[in-house]
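Peer 1: Would you be able to build a 3D model of this:
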Amino acid sequence: MNRKKLLELRADFLLLTVAIAWGVTFLMVQEAIETVPVYSFLFYRFLIATILMAIIAYKFYDKINKQTIFYGFVLGTFLFSAFATQTFGLAYTKSSIVAFITGLNVILVPFFAYVIFKDHVRKMVFIGSIVAVIGLYLLTMSGELTLGFGELLTLICSALFALQILFTDKYSKKVNVFMLVLFQFLTVTIYSLIFSLTLDEVTFNVSMDGAFLKAVIVTSVFATVYAFLIQTYMQQFTTPTKTAIIFTMEPVSAGVYGYFVGNELLTSIQILGAVFIIFAVLLAELKLKREK
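Peer 2: Sure thing, here's the model as predicted:
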């Protein structure tokens, strides 16, 4: 096995740990936002993440330039806009439908990659994307899929997440990764503060209970600093389409964690969906002889 393939496998494995981190923290966030407004929670999560990232990346301050700031602003805008449209979407439709439509970015990534950048997508990776969508449907759907306002907002959210993955792939190869992540976090923090002050009932005097503190600390460290630093750095060694497929493991890990920790039930259909997603991730790793 050559060095390039080893780097790609390492990147894919670490991206898998990111999906697991997001899935495991899903239940914590659900509990926290029962008492703290969503944008207020996002503000504290990304504020702590920005501070931590500023400490981690202090050696690279000399790499700051207009290009890095602009790229961080673009990625941060994609990321926050995805969070915002997803949150508003939840107000108009079921969470299961939101989860499924958000996961459709696994199909949108290769489509955008071809349309915007004319990138080639391997056949097995594209097949893996389709299998992942089937798995997502079985795992998350519990209601009738219609095209209402909530679904439309969530579809926009899915497209924004796809663009964040795609442009992370391009930008991470052009500027310092640490600075890119730092300015992405800073952008999300500023947006979250503005939205919280505008839409939330409280921003600064939130209830600092145990659920909130646990969720904001764990998500800022593992689901934000670790997750986005790994995503940004490792996407240099793999493709955005494979990244999107690997990220479909998030609802799988959320379901498994909810089953063992939150006493949530998993139906046989949901388990089958999880199997499909795992199979999709394995498919994305395969290469046909003609594609080698």
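Peer 1: what's the worst-scoring helix or strand of the chain on mean pLDDT in contact with?
Peer 2: Lowest mean confidence among the helices and strands of the chain (mean pLDDT, DSSP states H and E): helix 95-102, at a mean of 77. Outside helix 95-102, the residues within contact range by Cβ atoms under 8 Å, 6 or more residues apart in numbering are 86, 89-90, 136-137, 140-143, 145, 150-151, 154-155, 157-158, 161, 251. In this view, the C-beta of every residue, glycine as well, is placed from N, C-alpha and C.
Peer 1: How far off centre is it?
Peer 2: Counting by Cα atoms, centre = their mean, to the nearest Å, helix 95-102 is centred 14 Å from the centre of its parent chain.
Peer 1: Check stretch 61-74 too.
Peer 2: Using Cα atoms, centre = their mean, the offset of stretch 61-74 from its chain centre is 22 Å.
Peer 1: From here on, call the first residue 390.
Peer 2: Done: numbering now begins at 390, and the last item shifts to stretch 450-463.
Peer 1: how far away is Val650 from Gln624?
Peer 2: Per Cβ to Cβ, to the nearest Å, Val650 is found 30 Å from Gln624.
Peer 1: Comparing the two, which shows the higher neighbour count?
Peer 2: For Val650 and Gln624, the more surrounded residue by other Cβ atoms under 10 Å is Gln624, and the numbers stand at 23 against 11.
Peer 1: Hmm, Arg399 is touching Phe626, no?
Peer 2: Yes - applying Cβ atoms under 8 Å, one finds Arg399 in contact with Phe626, separated by 7.2 Å.
Peer 1: out of those two, which sits in the busier spot?
Peer 2: More crowded of Arg399 and Phe626, by other Cβ under 10 Å: Phe626, with 18 against 13.
Peer 1: Please give me every residue in contact with the more buried one.
Peer 2: 396-397, 399-400.
Peer 1: what about 10 Å?
Peer 2: 393-401, 403-404, 561 (Cβ atoms under 10 Å, 6 or more residues apart in numbering).
Peer 1: Can you go through the residues you listed and name the buried ones?
Peer 2: Buried subset of those (neighbour count, 16 or more other Cβ atoms under 10 Å): 397, 400-401, 403-404, 561.
Peer 1: Now stretch 434-453: average pLDDT?
Peer 2: Confidence for stretch 434-453, expressed as mean pLDDT, is 95.
Peer 1: and what of stretch 604-620?
Peer 2: Rounded mean pLDDT across stretch 604-620 is 93.
Peer 1: what's the first-to-last distance across that stretch?
Peer 2: 21 Å (Cα to Cα, to the nearest Å).
Peer 1: buried sites along it?
Peer 2: Applying 16+ other Cβ under 10 Å to stretch 604-620 flags 604-605, 607-620 as buried.
Peer 1: Equivalent analysis for stretch 476-485, please.
Peer 2: 476-479, 482-483.
Peer 1: Kindly report the same for stretch 402-421.
Peer 2: 403-404, 406-418, 420-421.
Peer 1: likewise stretch 548-561?
Peer 2: In stretch 548-561, counting by 16+ other Cβ under 10 Å, buried: 548-558, 560-561.
Peer 1: Report the mean confidence score over that stretch.
Peer 2: Rounded mean pLDDT across stretch 548-561 is 94.
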